[in-house]
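J.: sharing a model prediction with you, sequence too.
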Amino acid sequence: MFNFIARRVLATVPVLLIVAVLVFLLLRLTPGDPAAILAGDAANTEQIARIRESLGLDRPILAQFGIWAGQLLQGNLGESFYYKTQVTTLIGQRLEPTLSLAALTICLAVLVAVPLGILAAWRHGGWLDRALMGFSVLGFSVPVFVLAYILIWLVSLKLGWLPVQGYQRIADGAGLWLYHLVLPSVTLSVLYIALIARVTRASVMEALGEDYIRTARAKGLPELRVLVRHALSNAAVPIVTVIGIGIALLIGGVVVTESVYAIPGLGRLTVDAVLARDFPTVQGLILFFSFIYVMVNLLVDLSYVFLDPRIRY
Amino acid sequence: MRIGAAVIAAMVLVAIAAPWLGTVDPSLFDAGSRDLLPGKTGDITTLEGETLQHTFIMGSDSFGRDIYSRVIYGTRVSLIVGIATALLALAIGIVCGLSAGYLRWLDGILMRFMDGIMAIPAILIAIALVALWRGSIVTVVIAIAIPEIPRVTRLVRSLVLTIREEPYVEAAIALGTPTWKIMFGHILPNCVAPLIVQGTFTCAFAILVEAVLSFLGVGLPPDIPTWGNIMAEGRAQFVSFPHNVFFPGIFLAVTVLAINILGDGLRDTLDPKMAKRV
């Protein structure tokens, strides 16, 4: 058990290393002077020279990577020349809205998608099943920002139930915070619900065909207990896996959703940084998001041991 | 599946026939015809300076450009980006996947590299690359294709690993067939069905990502009429003129939906094993 966890944790090291190499190469393989690109359009020659020195751009590329990776390991993502602060500070300031949005979206998606998926598998071929499958193809196809505008138009403009955009810090009151986050999280959760419901349905359907389900029914267990205790718990591994993989889609969705609803989080920061050609920030954000994605999937892998005692490494 | 194919065929026809569908040049504008509601008639000035009467079926934007013409011409951009991205990702993915699956010494390095790309959320790679290279159709296609390559590579590699054990591959090796000929002549043709399915999904995804990039203002330059650009321009006035956002949005959603339905149908027909899995 300890061995497995240690091995799995170590396995993330090469992936993270390659991510770092790719993000590093992103800038070096682009034609032009990396120092000038990093400094942005408003920099003077002196600033560019300083960056060139701090990055060691006159040294061979391996040494450059060494310097850069060394700073990275110390938690130094460089300085944003546009915002005039450390990128790490910048990320820290914008973390709360993004975390709130992501957490709310995941909770909402799981609470809606898993029961729907179970019901669809239970009444396989029925109207709910067909409706859910239709909805999931639709969910994959309607872009997040189109859906966002449909919801804003309907819920905020026509019905006037929720605010059009904006964000309130949780410190200013949880009610107001939730009030502003409902619409963005509903928007973002649709794609996620489509993904999770589809896999839940397939996975539960497979479990329902097993012999132990027939046994459980034969000994007279209530249907709900059969579905949850016997079918769902045996179908959990693919569901948790797809929740982990879906984080990549969620991050993409966060960028769009925050932009539409004017939420001052990391997604909005990404777009602003790209538009301002603020590359230290863009680099830092890509590294940060990828790190989160790899870590979530590490947790997902580790959870297999608890979800399915049959899995032994 | 037939519905999906029919809608895509219609979209392709619309893209080819764009100039003859009652459209005007999508870049034409007229200060007198700003923010018209759908169905209203107004003036439009041609490049020669002539003023024509024109019915704005989908209304006009805040520059007085015809949304209908822009949306119809936008179909061209979306389809080109979708198809070109799918072909590029397939081509590179096939080469990488065949190499990783057949040339065992390459497998470890290549697949770790692909794992690294897959660990970065696709939209972030695309945004960063377009920002570095500046937007044009070619850079957008490459930027969207790069995060899709690992998916194709993994698919091809997993297929190769089973196919390489087939007797006909063994026979080819015994006959002294050159390695590249085994890879491309004997193994690749047996991977075609799942690759077509993967290609349709990549195409749908590429159209979505291009729209997202343009919508965020980091994709194609604003003078090219794309669905994402039209929506980005319509954003500021969404409260009073929602049609600027809704018409391109509907086209985008219907196109992607059609491609996804076609992909699902193709998967069920060509590859029943895959259909069972999800």
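T.: Sure, I can see it.

J.: is chain B contacted by stretch A:17-26?
T.: Yes. Using Cβ under 8 Å from any Cβ of the partner chain, stretch A:17-26 comes into contact with chain B via A:17-19, A:21-23, A:26. C-beta coordinates here come from the backbone N, C-alpha and C atoms, glycine included.

J.: could you list the buried residues of that stretch?
T.: Using 16 or more other Cβ atoms under 10 Å in any protein chain shown as the test for burial, stretch A:17-26 gives A:18-20, A:22-24, A:26.

J.: contacts only, for the residue of chain A found nearest chain B.
T.: Closest approach between chain A and chain B, counting by Cβ to the nearest Cβ: A:Ile18, at 2.9 Å. Taking Cβ atoms under 8 Å, 6 or more residues apart in numbering or on different chains, we find A:Ile18 in contact with B:112-113, B:115-116, B:119.

J.: ok, B:Gly199 next?
T.: B:86-87, B:90.

J.: next secondary structure after the helix or strand hosting A:Gly92?
T.: Taking DSSP states H and E as the definition, A:Gly92 sits inside helix A:87-122. Next in sequence after helix A:87-122, counting helices and strands by DSSP H and E, comes helix A:127-141.

J.: could you confirm whether that following helix reaches chain B?
T.: Yes. With Cβ under 8 Å from any Cβ as the criterion, chain B is reached by helix A:127-141 at A:137-138, A:140-141.

J.: got any ranges where the stretch 151-278 of chain B has weak pLDDT?
T.: Within the stretch 151-278 of chain B, the stretches with pLDDT under 70 are B:271-278.

J.: ok, 90 please
T.: B:158-170, B:172-174, B:176-194, B:196-198, B:212-278 (pLDDT under 90).

J.: what does it have sitting close to chain A?
T.: B:204, B:208, B:211-212, B:215-218, B:231, B:238-239, B:242, B:245-246, B:249-250, B:252-253, B:256-257, B:260-261, B:264, B:277-278.

J.: how does it look with 7 Å?
T.: Within the stretch 151-278 of chain B, the positions near chain A by Cβ under 7 Å from any Cβ of the partner chain are B:208, B:211-212, B:215-218, B:231, B:238-239, B:242, B:245, B:249, B:252-253, B:256-257, B:260-261, B:264, B:278.

J.: buried subset of these as a ChimeraX selection?
T.: Command for ChimeraX that selects the buried part of those, burial taken from 16+ other Cβ under 10 Å:
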select /B:208,211,212,215,216,217,218,231,238,242,245,249,252,253,256,257,260,261,264
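
J.: strands - which of the residues of the stretch 151-278 of chain B next to chain A land there?
T.: Using DSSP state E, no member of those falls within strands.

J.: among the residues of the stretch 151-278 of chain B next to chain A, which lie within helices?
T.: Taking DSSP state H as the definition of helices, those contribute B:208, B:211-212, B:215-216, B:231, B:245, B:249, B:252-253, B:256-257, B:260-261, B:264.

J.: ok so, going back, I'd like the residues of stretch A:17-26 next to chain B as TSV, with secondary structure and pLDDT appended.
T.: Output for these, formatted as TSV (DSSP: H, G, I helix; E, B strand; the rest coil; pLDDT from 0 to 100):
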residue	secondary structure	pLDDT
A:Leu17	helix	88
A:Ile18	helix	88
A:Val19	helix	88
A:Val21	helix	87
A:Leu22	helix	86
A:Val23	helix	86
A:Leu26	helix	79
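
J.: and the two most separated of those?
T.: A:Leu17 and A:Leu26 (15.0 Å; Cβ to Cβ).

J.: ok, the most centrally placed residue in chain B - contacts?
T.: Centroid-nearest residue in chain B: B:Gly82, 1.8 Å away (criterion: Cα atoms, centre = their mean). If you count contacts by Cβ atoms under 7 Å, 6 or more residues apart in numbering or on different chains, B:Gly82 has them with B:203, B:206-207.

J.: so which of those is the closest to B:Pro222?
T.: The shortest approach to B:Pro222 among the contacts of B:Gly82 belongs to B:Ile207, at 18.6 Å (Cβ to Cβ).

J.: with adjacent residues omitted, what lies nearest to the closest one?
T.: B:Gly82 (4.2 Å; Cβ to Cβ, 6 or more residues apart in numbering or on different chains).
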